[in-house]
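**Student:** Got a sequence here, can you model it:
(chains A and B)
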Amino acid sequence: MIAFGFGTLLLFPIIDQCLDLSAGFKSTEKRILAPFPTFRFPHVKSYIHEFDEYYKENFGWRNALFHVYSYWKLVILGQSPLPEKVVVGKHGWFYPGNSLNHAVDKHRGLLPMSQSSMHAIGQRLSHFQKQLAKHGTRLYVLVAPDSYTIYPENLPDYIHENGPSNLDLFKQYLTRHTTVPFIDIRNALRMAKKNHVVYSQTDTHWNDYGSLIASLTVVDYVKKDFPQLTDAKLSDYRVKATNGMGGDLVTMLALNKELKDSVVYRITPIPSLAARQIENTPNADMNLPSSRFIGQKPTLPKLLLIGDSFSFSMNQFIPNHFGESYLVRSNRFKMDLVQNEHPDIVVLEIVERNIDLLASY
Amino acid sequence: MLFSSAIFLFLYLPTFLVIYYIIPRDWRNAFLFFASLFFYAWGETLVVLILLLSAFINFFAGRLIEQGQRKTGLLLSLIGSLSLLVYYKYANFLFNSLKSIAKLLMIPGADEINLAEIALPIGISFYTFQGISYTLDIYWGHIRANRNFLDYGTYVAMFPHQIAGPIVRYADIAPELTKRTVTIEKFGSGAERFIIGLAKKILIANTFAGVADVIFSAPTTSYSTATAWLGIVFYALQIYYDFSGYSDMAIGLGKMLGFDFKENFNYPYIAHSVQDFWRRWHISLSSWFRDYLYIPLGGNRRSRVRVYGNLLLVFFITGLWHGASWNFIVWGLYHGLFLLIERAGLSKRLLRVWPPVAHVYTLLVVLVGWVFFRIDNLSDAINYLQKMIGVGPVVTVEAFAPSYFMNIETVVILLLGILLATPIYNRFHQWWMRRAPYFPARLVSDSLYTVGLLALFVTTIMYLAADTYNPFIYFRF
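**Tutor:** Sure thing, here's the model as predicted:
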């Protein structure tokens, strides 16, 4: 019986490759798996290597086996199936793992930002600020907090903060040593979470409600320098709660059908506020398109927002408060973009765990 | 190709087994030989020629010895096999050591001479020793030389045992090389052994490795003494399950092909002395050194000083055999030193003390020894040992408290790991066989065991699949 069972199990993957019995289990890796290699004489070694890669990523039942593994690790053992990618928190919360720029180690205070790194970033941002000032443009820096910072109570017990966060150190440095305005939205998000969930439980990003709060806080902050801007009022938006979906973190675990956010929000501005999208340009930088909007009052100041994926959901809210807005997803400051666009305001947005990347922005 | 890789398990092995059983018996050795060469060539391409060269030297040497040119044959085998081993495994180490000495002595130009990195052929330590044991056994008249290179080549190249052992002696499998039978029961027992070995490697050893790797790569200022002990205990279990898992897989594969390889491990962590540990750990290597080095050097029959010298020499070479670096030499000599102390009288005292005391002593010696085995830089190894005795650098931020590593899985695997490193389960199994000799009870327990074993195999390949899964948060095309 063992001999028969063992032999059958050994043959299953080959049978599956021929008959595609496990077609129902799709890869959630968000990458192209290694293709079947072509032999180019006399490169035997590279062919073997390519075939190894191909087979490792394409053997029969692989996706199904990973799915069961993921379920087993998470639901039965209560652990992350991919601890480097996803941290499993409490009460259905998931957090990005160390593979996303050492998010865990940074939160644990194991990788504090060095003075030299902050100095380099400070110098770079001051340089951008001066360059922009020549064109009459003001620069603002916005850091989107990690979910760790806003929802530390749902982290697993082995992860806790030690000492000031990198965001605290960075803010302190920027305010003490530069004149670059820093928009701190942490308090606004912490206040807002008392009424609604502001981050996605199964995704690395804030949800639409968190994004709305962030957008309104930015407008509020910038309005100090541009008083003509529309007031940022929460009451101008209609918030409707609905059933949640599985986010990017649980998609990596191939469990996005089983694990979902408890709630998502459909948020719409009052009609007199809604901006109109006039351009959507594919963008190779982050696979998220750049978008241009015209507000209800085109005479209001023009905004250029250069940001990461956190800024994407701000498309729905922030353009409502400006004359024109161009929202670009990038991890680089592009002076030529500024020269072409002639914005009044430039907001650089970056997620907390990536602050150190500003040194090479 | 590793036994624990998808390509081996789901492509190479089933294809190999199907062809092996379909072809006529007389062709099986030839098929096994060429399939084994393909197995090595898959990972190493032309380096497989070293294996063939070594096999050819020893085959030819064996023939010479049998034809009466005894010394010539033996010298050819020793010089031929060992020179390949020394060149491929130790040339870089020897060169770098000599270069360091020359630099220390400030010999002009020492800094400018360099030697290109030489690729280490997989299994060279094993097939070298197997070749030498073959010619020595012929030289001593224990066996007859093989007249068929294909048969001898099959013995040397055979993929089940060649990557990580055990060291299989020709004398032990000579009858099976010419005539072997595989029954469905024997195939089943081979499959059982293979599944257990694979599970040991993937489920147990890899879990321990995950913890040990984090601790050993972290700065000593980031964890306490307790974590340092946890690290070395996990490493000790990792290396045992990893290595014994490979031996189990080799023994299992051997059975599936009709061969009976000898056991390589016998619960080494229950040893009550270092001497006992070496009787239980990597048995094929210890017995090889005993039979082909220690006894020819005079064994226990010489003067006390000579015996001690021989012991240290054997353990110096044992260390060096495991790897071409100083930490392995220190590890080998460290074990040799304790064997020497035990021989000088400690072993008699150990027999008189309360058994747990002897056991704790042995474990302590072995655990400390593993530090040198795991850490290739001697000063880092000493730092780690200092941490273990609580005199290491002060902890600045305790990033890795023992609790950091403890979750349901590691705790269960740790308990299982400790339990299965002892003969408790084995004894229970024997007890059960005596208790339930009658058909219904045995049928139920055997069926449950089979289902459990196959479930274990599926679980293991589930972990293997997970290891290949590398998702990204954003699309990466």
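**Student:** ok, residue A:95 - contacts?
**Tutor:** A:86-87, A:89, A:103-104, A:146-148, A:155, A:204, A:249 (Cβ atoms under 8 Å, 6 or more residues apart in numbering or on different chains). No exception for glycine: its C-beta is placed from N, CA and C like everyone else's.
**Student:** Oops, could you answer that again for residue B:6 instead?
**Tutor:** Under the criterion of Cβ under 8 Å, 6+ apart, the contact partners of residue B:6 comprise A:13, A:55-56, A:59, A:62, B:464-465, B:468.
**Student:** run the last query once more with 10 Å
**Tutor:** The contact partners of residue B:6, by Cβ atoms under 10 Å, 6 or more residues apart in numbering or on different chains, come to A:13, A:52, A:55-60, A:62, A:65, B:12, B:461, B:464-465, B:467-468.
**Student:** Spatially nearest residue to the residue of the stretch 51-200 of chain A found nearest chain B, not counting backbone neighbours?
**Tutor:** Nearest residue of the stretch 51-200 of chain A to chain B: residue A:65, at 3.6 Å (Cβ to the nearest Cβ). Distances taken as Cβ to Cβ, 6 or more residues apart in numbering or on different chains place residue B:465 nearest to residue A:65, at 3.6 Å, with adjacent residues excluded.
**Student:** likewise residue A:354?
**Tutor:** Skipping the residues right next to it in sequence, residue A:354 comes nearest to residue A:101 by Cβ to Cβ, 6+ apart, at 5.5 Å.
**Student:** That neighbour belongs to a helix?
**Tutor:** No: following the definition DSSP: H, G, I helix; E, B strand; the rest coil, residue A:101 is coil and is not counted among the residues of a helix.
**Student:** Would you map out the domains in chain B?
**Tutor:** Domain segmentation of chain B under the TED database yields B:6-180, B:186-408.
**Student:** How far does the first one sit from its chain's centre?
**Tutor:** So that's domain B:6-180. From the chain centre to the centre of domain B:6-180 is a distance of 16 Å (Cα atoms, centre = their mean, to the nearest Å).
**Student:** And it, end to end?
**Tutor:** Start and end residues of domain B:6-180 are separated by 29 Å (Cα to Cα, to the nearest Å).
**Student:** Run through chain B and note the low-pLDDT ranges.
**Tutor:** Across chain B, the stretches falling below the confidence threshold (pLDDT under 70) are B:437, B:476-477.
**Student:** ok, now which ones touch residue A:10?
**Tutor:** Applying Cβ under 10 Å, 6+ apart, one finds that residue A:10 lies in contact with B:9-11, B:13-15, B:17-18, B:191, B:457, B:461.
**Student:** mind running it again at 8 Å?
**Tutor:** By Cβ under 8 Å, 6+ apart, residue A:10 lies in contact with B:9-10, B:13-14, B:17.
**Student:** So which residues of the stretch 301-450 of chain B form helices?
**Tutor:** Along the stretch 301-450 of chain B, the stretches classed as helices by DSSP state H, counting those that start in this stretch are B:304-322, B:326-341, B:347-352, B:355-374, B:378-388, B:402-405, B:408-420, B:424-435, B:439-467.
**Student:** doesn't residue A:355 make contact with the residue nearest to residue A:354?
**Tutor:** No: assessed by Cβ atoms under 8 Å, residue A:101 is found out of contact with residue A:355, at 9.3 Å.
**Student:** Tell me which of those two has more neighbours.
**Tutor:** More neighbours sit around residue A:355 than around the other of residue A:101 and residue A:355, counting by other Cβ atoms under 10 Å in any protein chain shown; the figures are 23 against 17.
**Student:** how near is that one to chain B?
**Tutor:** Residue A:355 sits 18 Å away from chain B when distances are taken as Cβ to the nearest Cβ, to the nearest Å.
**Student:** The worst-scoring helix or strand of chain A on mean pLDDT: which residues count as buried?
**Tutor:** One helix or strand of chain A scores below all others by mean pLDDT, DSSP states H and E: helix A:335-341, with a mean of 89. Buried residues in helix A:335-341, counted by 16 or more other Cβ atoms under 10 Å in any protein chain shown: A:337-338, A:341.
**Student:** tell me which of those is nearest to residue A:277?
**Tutor:** Relative to residue A:277, the closest of the buried residues of helix A:335-341 is residue A:341; by Cβ to Cβ it sits at 16.3 Å.
**Student:** who are the neighbours in contact with the closest one?
**Tutor:** With contacts defined as Cβ under 8 Å, 6+ apart, residue A:341 is in contact with A:302, A:304, A:326.
**Student:** Just give me the neighbour total for the nearest residue to residue B:310 once chain neighbours are set aside.
**Tutor:** Leaving aside its sequence neighbours, residue B:310 sits nearest to residue B:297 (Cβ to Cβ, 6+ apart; 4.5 Å). Per other Cβ under 10 Å, the neighbour tally for residue B:297 reads 16.
**Student:** mind giving me the domain split of chain A?
**Tutor:** Chain A breaks down into these domains under the TED database: A:1-60, A:94-236+A:273-360.
**Student:** and these, which is most packed in?
**Tutor:** Per-residue neighbour counts averaged over each of these give the maximum for domain A:94-236+A:273-360, namely a mean of 19 (mean count of other Cβ atoms under 10 Å in any protein chain shown).
**Student:** What is the end-to-end distance of it?
**Tutor:** By Cα to Cα, the extent of domain A:94-236+A:273-360 from end to end equals 29 Å.
**Student:** What sits closest to whichever residue of the stretch 251-361 of chain A sits closest to chain B if chain neighbours are left out?
**Tutor:** Chain B sits closest to residue A:252 of the stretch 251-361 of chain A, with a gap of 4.1 Å, by Cβ to the nearest Cβ. Once flanking residues are discounted, residue A:252 sits nearest to residue B:471: 4.1 Å by Cβ to Cβ, 6+ apart.
**Student:** For residue B:144, see how far away residue A:152 is.
**Tutor:** Applying Cβ to Cβ, to the nearest Å, one obtains 75 Å for the distance of residue A:152 from residue B:144.
**Student:** for residue A:128, same thing?
**Tutor:** In this structure, residue A:128 and residue B:144 are 84 Å apart, going by Cβ to Cβ.
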